[in-house]
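Participant: Below are the sequence and a predicted model; questions follow.
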Amino acid sequence: MKWVNRYTVSGSVLLAGYLAFSSPGEVAVSVDGEVRGLINKARATIQQRDFWKDQMSLVEAEYDELRDEPARKARMERELNSLLAEADRVIAQTDREVGIESGAAQRSADQYRDRAAAIEDAEMRQWLNQIRLERMRELRTIAVHVQSHL
């Protein structure tokens, strides 16, 4: 029976150590200010102020990433457009060298496909941007709750 107590005590010490020094690695506070999850609630109880400092750092990091996302996406889009333009140039050059010429119907179909893709892309961007802005609003609310514990 003594070995059961030793293992129970050892396991409890390990769990307490884990909870005392671990981080959820993500924002674990809801927009209502509640800590989500049993493990995170235990962390908050054991770590106290350190838990809330870590949460504030995570909120700020996620907010900064979302804030900077449009510029990052624009930069990536410019690079992608440059690569696509170069690919189109190489394909057109190869077609000329081989003697392949696309007809008016094919060019027209390509233009319609490009316009349809642009419309779908714009709708998707708008939807994703709405999600991004909503999460930023949530993070500002969460930051207020977290700050109240510091």
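Facilitator: Received, thanks. Numbering: from 1, shown residues only.
Participant: longest helix of the chain?
Facilitator: Within the chain, and with DSSP state H defining each element, the longest helix by residue count is helix 49-98.
Participant: helices or strands next to the helix or strand that that one is followed by in the packing?
Facilitator: Past helix 49-98, further along toward the C-terminus, the next helix or strand under DSSP states H and E is helix 104-147. Packed against helix 104-147, as judged by 3 or more CB pairs under 8 Å, 6 or more residues apart in numbering; DSSP states H and E, are the following elements: helix 49-98. From N, CA and C alone the C-beta is placed, and that goes for glycine too.
Participant: now the helix it packs on and helix 104-147, what's the angle there?
Facilitator: Between helix 49-98 and helix 104-147, the angle comes out at 170 degrees (axes from the mean of the first three to the mean of the last three CA atoms, to 10 degrees).
Participant: quick revisit: show me what the longest helix of the chain is packed up against.
Facilitator: Contacts of helix 49-98 with other secondary structure elements, assessed using 3+ CB pairs under 8 Å, 6+ apart, are made with helix 38-47, helix 104-147.
Participant: Now the least confident helix or strand in the chain by mean pLDDT - C-alpha only, CSV.
Facilitator: In the chain, no helix or strand scores lower on mean pLDDT, DSSP states H and E than helix 2-21, which sits at a mean of 72. What follows is helix 2-21 as a C-alpha-only set of coordinates in CSV (Å, rounded to 0.1, in the frame of the first residue of the first chain):
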residue,chain,number,x,y,z
LYS,A,2,3.0,2.3,0.6
TRP,A,3,4.0,2.2,-3.1
VAL,A,4,0.5,3.4,-4.1
ASN,A,5,1.0,6.5,-1.9
ARG,A,6,4.5,7.1,-3.2
TYR,A,7,3.2,6.9,-6.8
THR,A,8,0.3,9.1,-6.0
VAL,A,9,2.5,11.7,-4.3
SER,A,10,5.1,11.5,-7.2
GLY,A,11,2.4,11.9,-9.8
SER,A,12,0.9,14.8,-7.9
VAL,A,13,4.2,16.5,-7.7
LEU,A,14,4.9,16.0,-11.4
LEU,A,15,1.5,17.3,-12.3
ALA,A,16,1.9,20.4,-10.1
GLY,A,17,5.3,21.0,-11.6
TYR,A,18,3.9,20.7,-15.1
LEU,A,19,1.1,23.1,-14.3
ALA,A,20,3.4,25.5,-12.5
PHE,A,21,5.8,25.9,-15.5
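Participant: No further questions, thank you.
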